[in-house]
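A.B. asks: okay, predicted coordinates and the sequence, questions at the end:
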Amino acid sequence: MEWTFTEYFALMFGLIFTQNFVLSQFLGLCPFFGVSKKRDSAVGMGLAVIFVMTLASVVTMLIYKGLFLNPSLEKYHMAEYLDIASFILVIASLVQFVEIVLKKLAPALYKSLGIFLPLITTNCAVLGVTQIKLTEFARPEYSLAQAVWLQSLYGIFGGIGFTLALYLMAGVREHLETAMIPESMKGMPIAVISGCCMALAFFGFQGFV
Amino acid sequence: MNIIVPVVIMAIIGGILGLVLAIASKKFFVKVDPRTDMVLEALPGANCGACGFAGCAAYAEAIVEKGAPIDLCAPGAGGVVAAVADIMGLSANAKEPNFAIVRCDGDGVRPRFQYAGVQTCKAATVMGLAGSFQDCPYGCLGLGSCVEVCPFGAIELNENNVAIINEDVCAGCGKCIDACPRNLIRLDPESRVIVVRCNNKDKGATANKQCNHACIACGKCVRECPFDAIHIENNLAVIDYGKCKLCGKCVKVCPKHLIVNLRAERKERREARLKDEK
């Protein structure tokens, strides 16, 4: 089953604006509030998340469709209960692997992304990416290559949406630093309120796709 | 028997991942000098940047790999230098600790109007309002830019809304110096105990109206000093620390009590603290 351009565009637009992981699905809120104090580190964290989400999407889909739904293994029904357990295992080791490789091959990149990588291991947005459209993309209509391709697109655009939300939030919070805020609202309370306002603004995209 | 195959498959996945990680960590092993971690642990970890490197980790690396001088760490004057010297096998000559000094007393400066703009000293200065919202155009603005920038939490605003340094906590990194648009903060070695705590460069009569503790350039300290170490420059008493013998005579004659002996202040504070502890 081939996808049309419209469907690809809907996937992209949906993941960045209408179905944004942070602002409308409330996944990955921990880094959203934790690493959004400066725009520099927000970009670093965002790039690391895009990277890990894409890789995790590819590997988990390979395991799910290639192994669990493999015709010869289908009779064990592993796809029904083993997905989350195995995906956590895969994502955690993947992040570890990326960290080790980056440290050796790209020390400069490691220095800017390195501190964020362990944070991503426990980022629920990454697990969410691999889970939400899992059964849809793993349907028999798609070949294995197609399923992996779609799932990796889902990972990339989900990561871009996350990065956008994180970057905007960092911009807002940099301004909050110099704003006059009532004592009891300083810090996290005003950050959560601004996050809500941003989610409301993004809610305006609802209905586009 | 259905459970056996999934368990085996999970074990295989885990095994493969573990193997890949083990191979990767061997193949992509990065040699790290163990001394780097030891030095990093010895450093205060405040990442204040006073050494000129981008944080403690960068400084530790520079010490071990590039042979950077070990006495650059301002917060760790003394103890840390000795510890690092021990790790690196070098001899330590401990530096005298520095403390930041705010050269403003601010007792009795009257605000002209309430400033409600962006609450940082630099913003107020850039707006051109800083000279107008209180009488003294040289003194501490009291908006607390230095309080925010201090990585050790050593600066507070006192009841006159003037920044004061808590010397028990101050590590002498000098970050507050850059934060103060009025150049009121200076880094002095611990032994430099006689300080002119005013920066008012206006003529005596004007200065007298601006603040209860403003230097009116009366010259009493100049005449009193037996070592010719204190002079009036731009209507402000300035101590030449090359000549000053810290005798403290100027402290006694200053009619505005703005030349202070920090040794006495420190002693008072220490006694007050002991009393608190009792």
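C.D. replies: Ah, there it is. Residues are numbered from 1 along each chain as shown, chains lettered A, B, ... in the order given.
A.B. asks: in chain B, what residue lies closest to chain A?
C.D. replies: The minimum distance from chain B to chain A, using Cβ to the nearest Cβ, falls at B:Phe28 (3.7 Å). For glycine as for every other residue, the C-beta is placed from the backbone atoms N, C-alpha and C.
A.B. asks: how close does that residue get to A:Ala56?
C.D. replies: 20 Å (Cβ to Cβ, to the nearest Å).
A.B. asks: could you list the domains of chain B?
C.D. replies: What automatic domain parsing lists as the domains of chain B is B:34-88, B:98-189, B:191-278.
A.B. asks: quick check: residues of chain A near chain B?
C.D. replies: A:63, A:67, A:73, A:76-78, A:82, A:85-86, A:89-90, A:93, A:96-97, A:100-101, A:103-105, A:107, A:178, A:180 (Cβ under 8 Å from any Cβ of the partner chain).
A.B. asks: derive a ChimeraX selection command for the buried subset of those residues.
C.D. replies: Buried residues among the residues of chain A next to chain B (16 or more other Cβ atoms under 10 Å in any protein chain shown), as a ChimeraX selection:
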select /A:63,67,73,76,78,82,86,89,90,93,96,97,100,103
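A.B. asks: so of the residues of chain A next to chain B, which ones are in helices?
C.D. replies: A:78, A:85-86, A:89-90, A:93, A:96-97, A:100-101, A:103-105, A:107, A:178 (DSSP state H).
A.B. asks: nearest to A:Val22 among those residues?
C.D. replies: Nearest to A:Val22, judged by Cβ to Cβ, of those is A:Val90 at 22.8 Å.
A.B. asks: which residues touch that closest one?
C.D. replies: A:Val90 makes contact with A:56, A:59-60, A:63, B:13, B:17 under the criterion Cβ atoms under 8 Å, 6 or more residues apart in numbering or on different chains.
A.B. asks: likewise for A:Leu94?
C.D. replies: A:52, A:55-56, A:59.
A.B. asks: roughly how far does it sit from B:Ser191?
C.D. replies: 57 Å.
A.B. asks: also B:Lys203?
C.D. replies: Counting by Cβ to Cβ, the gap from B:Lys203 to B:Ser191 is 33 Å.
A.B. asks: what's the answer for A:Arg173, then?
C.D. replies: 43 Å.
A.B. asks: quick check: B:Val196 touching B:Glu233?
C.D. replies: No: applying Cβ atoms under 8 Å as the test, B:Val196 and B:Glu233 come out as separate, 10.7 Å apart.
A.B. asks: where does pLDDT dip in chain A?
C.D. replies: Along chain A, the model assigns pLDDT under 70 to residues A:1, A:112-115.
A.B. asks: on that earlier part again, list just the nearest of the ones in helices among the residues of chain A next to chain B to B:Ala60.
C.D. replies: A:Pro107 (15.7 Å).
A.B. asks: SS state for the nearest residue to that closest one once chain neighbours are set aside?
C.D. replies: Counting by Cβ to Cβ, 6 or more residues apart in numbering or on different chains, B:Val30 is the residue found nearest to A:Pro107 once chain neighbours are left out, at 7.9 Å. In the three-state summary, B:Val30 is assigned as coil, counting by DSSP: H, G, I helix; E, B strand; the rest coil.
A.B. asks: then B:Glu148?
C.D. replies: Relying on three-state DSSP, one would call B:Glu148 helix.
A.B. asks: now do the same contact list for it.
C.D. replies: Contacts of B:Glu148 (Cβ under 8 Å, 6+ apart): B:120, B:179.
A.B. asks: what of A:Ala147?
C.D. replies: So A:Ala147 contacts A:61, A:65, A:137-138 (Cβ under 8 Å, 6+ apart).
A.B. asks: alright, that wraps it up for me.
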